[in-house]
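[1] Here is a sequence with its predicted model. Questions after.
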Amino acid sequence: MMLGLNLLKQTKDDFLADLATLAKAQSTLIFIDTNIISYLFKLHAAARQEF
(Lines give C-alpha, C1' and ligand atoms only; values in the text may rest on other atoms or scores of the structure.)
Protein backbone atom coordinates (compact mmCIF):
# COMPACT_ATOMS: atom_id res chain seq x y z
CA MET A 1 0.00 0.00 0.00
CA MET A 2 1.27 3.45 -0.87
CA LEU A 3 1.68 6.05 1.85
CA GLY A 4 -1.26 8.45 1.81
CA LEU A 5 -3.45 6.25 -0.39
CA ASN A 6 -6.92 6.00 1.12
CA LEU A 7 -9.48 3.65 -0.31
CA LEU A 8 -13.02 4.39 0.84
CA LYS A 9 -15.58 1.64 0.96
CA GLN A 10 -18.49 3.92 0.08
CA THR A 11 -19.20 6.77 -2.29
CA LYS A 12 -19.65 10.38 -1.22
CA ASP A 13 -23.40 10.10 -1.84
CA ASP A 14 -23.61 6.94 0.30
CA PHE A 15 -21.67 8.66 3.08
CA LEU A 16 -23.94 11.74 2.99
CA ALA A 17 -27.05 9.52 3.00
CA ASP A 18 -25.73 7.66 6.07
CA LEU A 19 -24.90 10.95 7.76
CA ALA A 20 -28.41 12.29 7.06
CA THR A 21 -29.93 9.12 8.51
CA LEU A 22 -27.88 9.53 11.69
CA ALA A 23 -28.81 13.21 11.96
CA LYS A 24 -32.54 12.42 11.66
CA ALA A 25 -32.47 9.68 14.32
CA GLN A 26 -34.31 10.47 17.55
CA SER A 27 -31.31 9.27 19.57
CA THR A 28 -28.89 11.70 17.91
CA LEU A 29 -27.90 14.79 19.86
CA ILE A 30 -26.59 17.70 17.81
CA PHE A 31 -24.57 20.45 19.47
CA ILE A 32 -23.92 23.70 17.63
CA ASP A 33 -20.72 25.47 18.62
CA THR A 34 -21.67 29.13 18.54
CA ASN A 35 -18.01 30.16 18.74
CA ILE A 36 -17.53 28.95 15.18
CA ILE A 37 -20.65 30.78 14.00
CA SER A 38 -19.52 34.04 15.62
CA TYR A 39 -16.06 33.64 14.06
CA LEU A 40 -17.62 33.59 10.59
CA PHE A 41 -19.18 36.99 11.25
CA LYS A 42 -15.77 38.41 12.18
CA LEU A 43 -14.53 37.72 8.66
CA HIS A 44 -16.65 40.34 6.88
CA ALA A 45 -17.73 43.73 8.14
CA ALA A 46 -20.96 43.52 6.13
CA ALA A 47 -21.83 40.20 7.73
CA ARG A 48 -21.12 41.64 11.16
CA GLN A 49 -23.46 44.57 10.42
CA GLU A 50 -26.16 42.14 9.25
CA PHE A 51 -25.82 40.09 12.42
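    That came through fine.
[2] Run through the strands of this protein in chain order.
    Assigned by DSSP state E, the chain shows no strands.
[3] Have a look at it and report the helix or strand with the lowest mean pLDDT.
    helix 45-50 (a mean of 69; mean pLDDT, DSSP states H and E).
[4] Where does the prediction get shaky in the protein?
    Counting by pLDDT under 70, the chain contains low-confidence ranges at 1-5, 40-41, 43, 47-48, 50-51.
[5] longest single helix anywhere in it?
    Under DSSP state H, the helix in the chain containing the largest number of residues is helix 12-24.
[6] which other helices and strands contact that one?
    Using 3 or more Cβ pairs under 8 Å, 6 or more residues apart in numbering; DSSP states H and E, no helix or strand is in contact with helix 12-24. Bear in mind the C-beta positions are built from the backbone N, C-alpha and C, glycine included.
[7] Other residues contacting it?
    Leu8, Gln10, Thr28, Ile30 (Cβ atoms under 8 Å, 6 or more residues apart in numbering).
[8] Compile the residues you listed into JSON lines and extend it with columns for neighbour count.
    Listed next are the contacts of helix 12-24 as JSON lines, based on neighbours: other Cβ atoms under 10 Å:
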{"residue": "Leu8", "neighbour count": "8"}
{"residue": "Gln10", "neighbour count": "10"}
{"residue": "Thr28", "neighbour count": "9"}
{"residue": "Ile30", "neighbour count": "6"}
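[9] Nearest to Tyr39 among those residues?
    Ile30 (19.0 Å; Cβ to Cβ).
[10] Find me whatever residue is spatially closest to that closest one, sequence neighbours aside.
    Leaving aside its sequence neighbours, Ile30 sits nearest to Ala23 (Cβ to Cβ, 6 or more residues apart in numbering; 6.8 Å).
[11] now the one you found: how far from Ala17?
    According to Cβ to Cβ, to the nearest Å, Ala23 and Ala17 sit 11 Å apart.
[12] count of residues packed around Ala17?
    Ala17 sits with 12 neighbouring residues when counted by other Cβ atoms under 10 Å.
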